[in-house]
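> return atomic coordinates for the entry below.
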Amino acid sequence: MKKHKKLIIFLILFLIPASLVAVYNIKKYTKPKAKGIFYKVEKDGNYLYLGGTIHIGKNEPFKFSKAIENAYTESTALVVESDITDISTMYKFGKDVTYPKGDNLYNHITPAAKNHIEPIMQKLNLKVDTYRNDTLGYLYATILDNELLSDNTTSYGFDYYFLKRAKENNKEIVALEDAKTQANALNAGGDAYQNYQLENMPYPDDAKKAFDAEYTAILNGDVSNFEKTDLGKNSNNKAVRDYYNSLILQRNIKMCNKIENYIASGKKYFIVVGTGHVLGPDGLVKMLKKDGFVVTRL
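Numbers count the residues shown, from 1 in each chain. The predicted model follows:
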């Protein structure tokens with residue numbers, strides 16, 4: 001279960017759900033519930049706001065605290081990992097998670113991975129052959145999405161809450177990453193890691209339990225839950241360490257550089273990215289503090 005939980009965390013805290021490639025809806029969020037994990041980051045009189053999201057949510061109304069709402073209102077631009085409401089972005093992402101002509105999933109998946117996921121997919125009314133042109137990473141994300149999505153869950157997390165509002169308010173929307181970067185993250189680790197993921201694909205009940213724990217922790221602002229998580233940085237498995245380096249560390253370094261430039265510009269940004277990028281052993285909070293920025297919890 002511990003190994004399965006770690007794989008689930010990777011997807012819901014670091015990557016946009018695969019189901020978003022196809023469609024997105026508008027949800028209404030009105031009740032005050034969420035404390036969230038948000039910070040004010042400042043240096044030399046300039047500042048911006050940085051918050052952690054989860055990329056899959058629940059079908060329940062919520063509204064953030066007054067401090068967070070005021071921070072959003074004050075900001076002139078919303079920054080997200082990827083603008084999931086932009087059709088062209090999602091189209092490009094879809095192209096980047098499919099194999100080129102002449103190649104397909106069967107050339108990459110191991111017998112062990114295929115044998116493990118087939119009964120899980122059968123329970124979800126899915127067939128491997130339906131995804132023959134899609135990458136191993138996309139297949140894993142799709143299965144997990146289907147395990148988690150139900151009458152009580154949705155493909156739209158906290159970042160979507162702010163994206164929807166930014167669209168309504170005509171607030172500028174800035175993407176930290178392009179579609180190719182997001183696709184590369186989903187496919188990171190090559191066949192070795194992607195098959196490792198599939199061979200350890202959790203069953204629906206385990207996936208839902210892990211998701212519920214992470215969702216509740218972020219909603220309640222439980223920072224300690226994420227600070228104690230290794231996320232594979234020190235794994236004995238080289239494929240897992242390499243995946244951590246690609247999915248988390250290298251992306252965080254690039255995000256941190258952009259955030260520091262945003263602060264230097266003097267413009268007020270409200271940034272929402274996966275909580276796994278914000279916290280953890282190589283999280284943005286630690287990187288920014290190391291570079292001399294003052295980081296204060298909202």
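
> show me where the stretch 1-150 of the chain dips below the pLDDT cut-off.
Segments of the stretch 1-150 of the chain classed as low confidence (criterion: pLDDT under 70) are 1-34, 57, 59-62, 150.

> going along the chain, name the strands of the stretch 1-150 of the chain.
Taking DSSP state E, counting those that start in this stretch to define them, one finds strands in the stretch 1-150 of the chain at 32-34, 37-43, 46-53, 57-58, 63-64, 77-80.

> so which of those gets nearest residue 146?
Of all the strands of the stretch 1-150 of the chain, strand 57-58 sits nearest to residue 146, with 15.8 Å by C-beta to C-beta. Any C-beta I mention is one placed from the backbone N, CA and C, and that applies to glycine too.

> now the nearest residue to residue 265 once chain neighbours are set aside, which residues is it bridged with?
The spatial neighbour of residue 265 that comes closest, neighbours along the chain excluded (C-beta to C-beta, 6 or more residues apart in numbering), is residue 46 at 7.7 Å. In this structure, residue 46 has the following beta-bridge partners (DSSP bridges): residue 43.

> on that earlier part again, just put the strands of the stretch 1-150 of the chain in CSV and tack on mean neighbour count.
Shown next, in CSV, are the strands of the stretch 1-150 of the chain (neighbours: other C-beta atoms under 10 Å):
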stretch, mean neighbour count
strand 32-34, 15
strand 37-43, 21
strand 46-53, 23
strand 57-58, 22
strand 63-64, 19
strand 77-80, 22
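
> ok, back up a step: and the gap between the residue nearest to residue 265 and residue 252?
Distance of residue 46 to residue 252, given as C-beta to C-beta, to the nearest Å: 21 Å.

> swap in residue 85?
From residue 85 to residue 252 the distance is 24 Å (C-beta to C-beta).

> quick one, which of these two is more surrounded?
The neighbour count for residue 85 versus residue 252, taken as other C-beta atoms under 10 Å, is higher for residue 252 (22 against 18).

> from residue 50, how far out is that one?
From residue 252 over to residue 50 the distance is 12 Å, taken as C-beta to C-beta.

> joint contacts of these two?
Counting by C-beta atoms under 8 Å, 6 or more residues apart in numbering, the residues touching both residue 252 and residue 50 are residue 284.

> export the strands of the stretch 1-150 of the chain as a markdown table, with columns for distance to residue 237.
Supplementary listing: the strands of the stretch 1-150 of the chain in a markdown table, determined by distance: least, C-beta to C-beta, whole Å:
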| stretch | distance to residue 237 |
| --- | --- |
| strand 32-34 | 35 |
| strand 37-43 | 28 |
| strand 46-53 | 26 |
| strand 57-58 | 30 |
| strand 63-64 | 37 |
| strand 77-80 | 31 |
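
> hmm, back to that, what's near enough to touch the residue nearest to residue 265?
263, 264, 265, 266.

> the same query, at a cut-off of 10 Å, please.
The neighbours of residue 46, taking C-beta atoms under 10 Å, 6 or more residues apart in numbering as the test, are 262, 263, 264, 265, 266, 267, 268, 293.

> isn't the fifth one up against residue 47?
What that stands for is residue 266. Yes. Counting by C-beta atoms under 10 Å, residue 266 sits close enough to residue 47 to count as a contact (9.3 Å).
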